[in-house]
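>>> Test case, fold it:
(2 chains)
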Amino acid sequence: MREIPFEDIVEAVKEMAIVSNSILPPEMYDALKKTYEEEESPVGKEVLSQILKNDEIAKEEMMPICQDTGIAVLFVEVGEEVRVKGGSLKDALTEGVRRGYIDGYLRKSVVKDPLRRVNTGDNTPAIIHFDIVPGDRLKIRFAPKGGGSENMSVARLFAPAIGREGIIDFVVDTVDKAGGNPCPPIVIGVGIGGNFEMSAIIAKKALLRKVGERHPDPYYAEMEEEILRRVNELGIGPMGLGGRITALDVHIETYPCHIASLPVAVNIQCHANRHMEREL
Amino acid sequence: MSDYKRIKTPLTDEVVLDLRVGDRVLITGYLYTARDSAHKRLFELIEKGEPLPIDIQGQIIYYVGPAPAKPGHVIGSAGPTTSYRMDKYTPKLHELGLKGSIGKGQRGPEVREALKKYKAVYFVAVGGAGALLARSIKSVEPVAYEDLGPESIKRLYVEEFPVIVANDAHGGDIFEEEKKKYRKAK
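All right, here's what the predicted structure looks like:
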């Protein structure tokens, strides 16, 4: 058994909360910069120039890219030979989120009850997905997820007869209806298969992939490219103010499913596509 | 693109009527912040016929829940939140004298109608540009509902705060008009 001190996990999560909210992954920044060259709409270009300038200020001053510093989503892979010394893993992750959001001057965007809506004051609880894997490492992937783009996400359970083309139409239609609300240029996570909850979880996981990376299976890689091409024909443009660039990338994740079902979830991510990972 | 128009708050009918969809505007003066929960409370007061904690005559509401200020800063990141969630409340506020709102994303037909009827304007600021926009905010005073934390009503003094006219008082809508120019899909 390998022991990891409770405090090491707290510190790692705290740092990820602060850094991920202030510094965009480099490939995401580069992708935005490239779209600035490609965008034909003058309003779209103006919006993209403000987005790029904002991302530079945030990095320079270590302040949040967006005031919506999200609800903290963590994907945690726990090696079977790992033990936390001095407390539970879940408590350590939660304490890391709490300290990150308080000490890092991040916005607290979590309410304790969905209907009575009183703010918890420390952005906890986080949404944590655990996975048990072989080995003695602890891998934490951290993604603050804002409300604007999350609100435009949709999950549906189709009959298998809908097929590839039907799924593509569904994703494109979801983006079309969302318009400027999710802060385009967006990244689109598509979860296909699994069941009701699994489709949504893999759609979220798809968003953690680096922008520009294709699905390893050429069949799905091609589907990603086709969806991206069609989404960028919608004319929505940066912030919905018109233009050629509505999405920067589409990531599909799949999972086996029941013979009767074809679940599809579309998780939309705004241009502040924040995520990072640490291995302990 | 056209040059910036510079305006000061509070807004008059004359200033509002001069603004057209697509205009790039720099605002100087006071803005009031309010988002979901603050709107709900304002609306409850209106329904009960009680006075509001702010005088909205000629004013602009900015849909924002800022991040906390770091030491030495006036405010944290402070970009717009999505406006459609306030659609239910906006027409009534315009009826009572509110002249403008700043947010992001499309408005519903009821808001667009109210802008024409009451001579008001809807601006968008760039969503997710909170660090950049914070630089135009020079002071922050709490006004009401401090228990709501990031959702409380604050009075901001802004200088040359950059926005774009999205819906004007003449029925124009930037989202529909601009999308058509670039749309290849059916």
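
>>> State the three-state secondary structure for whichever residue of chain B sits closest to chain A.
The nearest approach of chain B to chain A comes at B:Glu178, 2.4 Å away (Cβ to the nearest Cβ). From N, CA and C alone the C-beta is placed, and that goes for glycine too. Assigned state for B:Glu178: helix (three-state reduction, DSSP: H, G, I helix; E, B strand; the rest coil).

>>> which residue ranges form the helices in chain B?
B:13-18, B:36-48, B:90-95, B:109-117, B:130-134, B:174-182 (DSSP state H).

>>> Flag every buried residue along the third one.
It refers to helix B:90-95. B:Thr90, B:Pro91, B:Leu93, B:His94 (16 or more other Cβ atoms under 10 Å in any protein chain shown).

>>> Report the separation between A:Phe142 and A:Ile9.
12 Å (Cβ to Cβ, to the nearest Å).

>>> so where does A:Gly189 fall, helix or strand?
strand A:186-194 (DSSP states H and E).

>>> Against which helices or strands is that strand packed?
helix A:163-178, helix A:196-206, helix A:218-231, strand A:247-257, strand A:262-269 (3 or more Cβ pairs under 8 Å, 6 or more residues apart in numbering or on different chains; DSSP states H and E).

>>> Kindly recompute the last result at 10 Å.
helix A:147-150, helix A:163-178, helix A:196-206, helix A:218-231, strand A:247-257, strand A:262-269 (3 or more Cβ pairs under 10 Å, 6 or more residues apart in numbering or on different chains; DSSP states H and E).

>>> Let me know which of the ones you listed is tucked in deepest.
strand A:262-269 (a mean of 26; mean count of other Cβ atoms under 10 Å in any protein chain shown).

>>> So what's the gap between that strand and the chain middle?
12 Å (Cα atoms, centre = their mean, to the nearest Å).

>>> Pull the CA coordinates from that strand and hand them back as CSV.
Taking Å, rounded to 0.1, in the frame of the first residue of the first chain, the C-alpha atoms of strand A:262-269 are listed here in CSV:
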residue,chain,number,x,y,z
LEU,A,262,-29.3,4.5,-28.0
PRO,A,263,-28.7,7.2,-25.3
VAL,A,264,-27.1,10.5,-26.5
ALA,A,265,-26.0,13.4,-24.3
VAL,A,266,-24.6,16.7,-25.6
ASN,A,267,-22.6,18.6,-23.0
ILE,A,268,-21.7,22.1,-24.2
GLN,A,269,-18.6,23.9,-23.0
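
>>> report the angle between the axes of it and strand A:247-257?
Angle, strand A:262-269 to strand A:247-257, by axes from the mean of the first three to the mean of the last three Cα atoms, to 10 degrees: 150 degrees.

>>> Reformat the helices of chain B as TSV; add mean pLDDT.
Listed next are the helices of chain B as TSV, based on pLDDT from 0 to 100:
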stretch	mean pLDDT
helix B:13-18	97
helix B:36-48	95
helix B:90-95	97
helix B:109-117	97
helix B:130-134	97
helix B:174-182	94
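
>>> among those, which is the most enclosed?
helix B:130-134 (a mean of 27).

>>> With just CA atoms, put that one into CSV.
Extracted C-alpha coordinates of helix B:130-134, given in CSV (Å, rounded to 0.1, in the frame of the first residue of the first chain):
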residue,chain,number,x,y,z
GLY,B,130,-14.7,39.0,-16.9
ALA,B,131,-11.1,40.0,-16.3
LEU,B,132,-11.1,42.5,-19.2
LEU,B,133,-14.5,44.0,-18.2
ALA,B,134,-13.4,44.4,-14.6
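
>>> Fine by me, thanks again.
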